[in-house]
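Q: The following block contains a protein sequence and its predicted model.
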Amino acid sequence: MPVIVPICPPSSGNNGEEEEYDDTPREWSLLEFNGELVPPIKSPEDELSGPMARRMELGAIRFTSEGTPIMTVGTHELKGNIEPLKEPFVIMRKRKRLDVGNNNSSSTEYEVAGVIRKKMQFIQYPKIIMR
(Lines give C-alpha, C1' and ligand atoms only; values in the text may rest on other atoms or scores of the structure.)
Protein backbone atom coordinates (compact mmCIF):
# COMPACT_ATOMS: atom_id res chain seq x y z
CA MET A 1 0.00 0.00 0.00
CA PRO A 2 1.53 3.38 -1.01
CA VAL A 3 2.10 6.04 1.62
CA ILE A 4 0.81 9.49 0.72
CA VAL A 5 2.80 12.35 2.22
CA PRO A 6 1.10 15.76 1.96
CA ILE A 7 3.12 18.67 0.58
CA CYS A 8 1.83 22.05 1.76
CA PRO A 9 2.50 25.62 0.67
CA PRO A 10 4.30 27.83 3.20
CA SER A 11 2.10 28.58 6.20
CA SER A 12 0.98 32.16 6.61
CA GLY A 13 0.42 31.89 10.35
CA ASN A 14 -3.07 33.40 10.06
CA ASN A 15 -5.10 30.20 10.20
CA GLY A 16 -5.87 30.38 13.91
CA GLU A 17 -3.14 27.93 14.92
CA GLU A 18 -0.17 29.10 16.93
CA GLU A 19 2.82 28.98 14.60
CA GLU A 20 6.37 29.61 15.69
CA TYR A 21 8.11 32.55 14.03
CA ASP A 22 9.64 31.46 10.74
CA ASP A 23 12.53 33.58 9.49
CA THR A 24 13.43 31.17 6.65
CA PRO A 25 14.03 33.14 3.44
CA ARG A 26 11.55 32.29 0.67
CA GLU A 27 14.12 32.78 -2.09
CA TRP A 28 17.47 30.99 -1.90
CA SER A 29 20.60 30.92 -4.04
CA LEU A 30 22.87 28.01 -4.81
CA LEU A 31 26.63 28.56 -4.39
CA GLU A 32 28.94 26.78 -6.83
CA PHE A 33 32.70 26.58 -6.32
CA ASN A 34 35.63 25.05 -8.16
CA GLY A 35 38.15 23.39 -5.91
CA GLU A 36 37.84 22.24 -2.35
CA LEU A 37 36.75 23.97 0.86
CA VAL A 38 38.86 22.78 3.77
CA PRO A 39 37.46 23.60 7.22
CA PRO A 40 39.89 24.83 9.88
CA ILE A 41 41.44 22.14 12.08
CA LYS A 42 40.23 22.33 15.68
CA SER A 43 41.29 20.54 18.79
CA PRO A 44 39.05 17.72 20.10
CA GLU A 45 37.98 19.96 23.01
CA ASP A 46 36.47 22.45 20.53
CA GLU A 47 34.35 19.84 18.76
CA LEU A 48 30.59 20.06 19.15
CA SER A 49 28.28 17.10 18.97
CA GLY A 50 24.98 16.82 17.16
CA PRO A 51 23.79 18.81 14.14
CA MET A 52 25.88 21.89 15.02
CA ALA A 53 29.10 19.87 14.54
CA ARG A 54 28.88 20.22 10.75
CA ARG A 55 28.15 23.96 10.66
CA MET A 56 30.85 26.50 9.97
CA GLU A 57 30.93 30.06 8.75
CA LEU A 58 31.80 30.02 5.09
CA GLY A 59 32.44 33.71 4.47
CA ALA A 60 30.73 36.96 3.49
CA ILE A 61 29.22 37.93 0.14
CA ARG A 62 28.97 41.52 -1.03
CA PHE A 63 27.85 42.87 -4.38
CA THR A 64 29.48 45.46 -6.63
CA SER A 65 27.43 48.31 -8.12
CA GLU A 66 27.06 46.15 -11.26
CA GLY A 67 25.58 43.29 -9.21
CA THR A 68 28.65 41.03 -9.34
CA PRO A 69 29.00 38.87 -6.20
CA ILE A 70 32.34 38.96 -4.38
CA MET A 71 32.85 36.42 -1.61
CA THR A 72 35.50 36.71 1.09
CA VAL A 73 36.61 33.39 2.59
CA GLY A 74 39.35 33.89 5.17
CA THR A 75 42.15 35.70 3.35
CA HIS A 76 40.84 34.88 -0.13
CA GLU A 77 38.48 36.86 -2.31
CA LEU A 78 36.46 35.15 -5.02
CA LYS A 79 34.72 37.01 -7.83
CA GLY A 80 31.62 35.34 -9.21
CA ASN A 81 28.63 35.71 -11.45
CA ILE A 82 24.91 35.00 -11.11
CA GLU A 83 23.16 32.60 -13.48
CA PRO A 84 19.59 31.32 -13.56
CA LEU A 85 19.08 27.59 -13.04
CA LYS A 86 17.61 25.55 -15.90
CA GLU A 87 15.17 23.95 -13.46
CA PRO A 88 14.36 25.42 -10.02
CA PHE A 89 14.98 23.49 -6.79
CA VAL A 90 12.51 23.42 -3.90
CA ILE A 91 13.62 23.55 -0.26
CA MET A 92 11.36 21.35 1.89
CA ARG A 93 10.83 21.35 5.66
CA LYS A 94 9.61 18.16 7.35
CA ARG A 95 6.84 18.68 9.92
CA LYS A 96 5.25 16.14 12.23
CA ARG A 97 1.61 16.84 13.09
CA LEU A 98 -0.33 15.31 15.95
CA ASP A 99 -3.79 14.16 14.83
CA VAL A 100 -5.88 14.69 17.97
CA GLY A 101 -9.07 13.25 16.50
CA ASN A 102 -7.41 10.12 15.16
CA ASN A 103 -6.28 8.23 18.31
CA ASN A 104 -3.55 10.83 18.92
CA SER A 105 -1.52 9.46 16.03
CA SER A 106 1.02 11.60 14.23
CA SER A 107 1.41 12.28 10.54
CA THR A 108 4.26 13.69 8.51
CA GLU A 109 3.92 16.45 5.99
CA TYR A 110 6.41 18.49 4.03
CA GLU A 111 6.18 22.27 3.73
CA VAL A 112 7.75 24.28 0.93
CA ALA A 113 10.26 26.51 2.73
CA GLY A 114 11.80 28.19 -0.30
CA VAL A 115 12.74 28.00 -3.95
CA ILE A 116 16.19 28.19 -5.60
CA ARG A 117 16.00 29.86 -9.01
CA LYS A 118 19.56 31.15 -9.45
CA LYS A 119 23.11 30.20 -8.60
CA MET A 120 26.22 32.15 -7.77
CA GLN A 121 29.23 30.68 -9.55
CA PHE A 122 32.70 31.34 -8.16
CA ILE A 123 34.89 29.74 -10.81
CA GLN A 124 37.86 32.10 -11.02
CA TYR A 125 41.10 31.57 -9.13
CA PRO A 126 40.87 33.30 -5.70
CA LYS A 127 42.71 36.55 -5.07
CA ILE A 128 44.72 36.67 -1.82
CA ILE A 129 43.99 39.70 0.33
CA MET A 130 46.19 41.04 3.12
CA ARG A 131 44.69 42.38 6.34
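A: On my side now, so go ahead. Just so it is clear, the structure is predicted and the values come from calculations on it, not from any experiment.
Q: what about this protein, any weak spots by pLDDT?
A: 1-25, 39-56, 99-104, 131 (pLDDT under 70).
Q: Val90 touches Arg117, doesn't it?
A: No. With contact defined as C-beta atoms under 8 Å, Val90 does not count as touching Arg117 (10.4 Å). All C-beta atoms are positioned from the backbone trio N, CA, C, and that covers glycine.
Q: Can you tell me the SS state at Val38?
A: Recorded secondary structure, Val38: coil (DSSP: H, G, I helix; E, B strand; the rest coil).
Q: what are the ranges of the strands in the protein?
A: Under the criterion DSSP state E, the chain contains strands at 7-8, 27-33, 60-63, 69-73, 76-79, 81-99, 105-122, 127-128.
Q: is Arg62 in a bridge, and if so with what?
A: For Arg62, the beta-bridge partners are Ile70 (DSSP bridges).
Q: what's around it, how many residues?
A: By other C-beta atoms under 10 Å, 10 other residues sit near Arg62.
Q: show me what contacts it?
A: 69-70, 72 (C-beta atoms under 8 Å, 6 or more residues apart in numbering).
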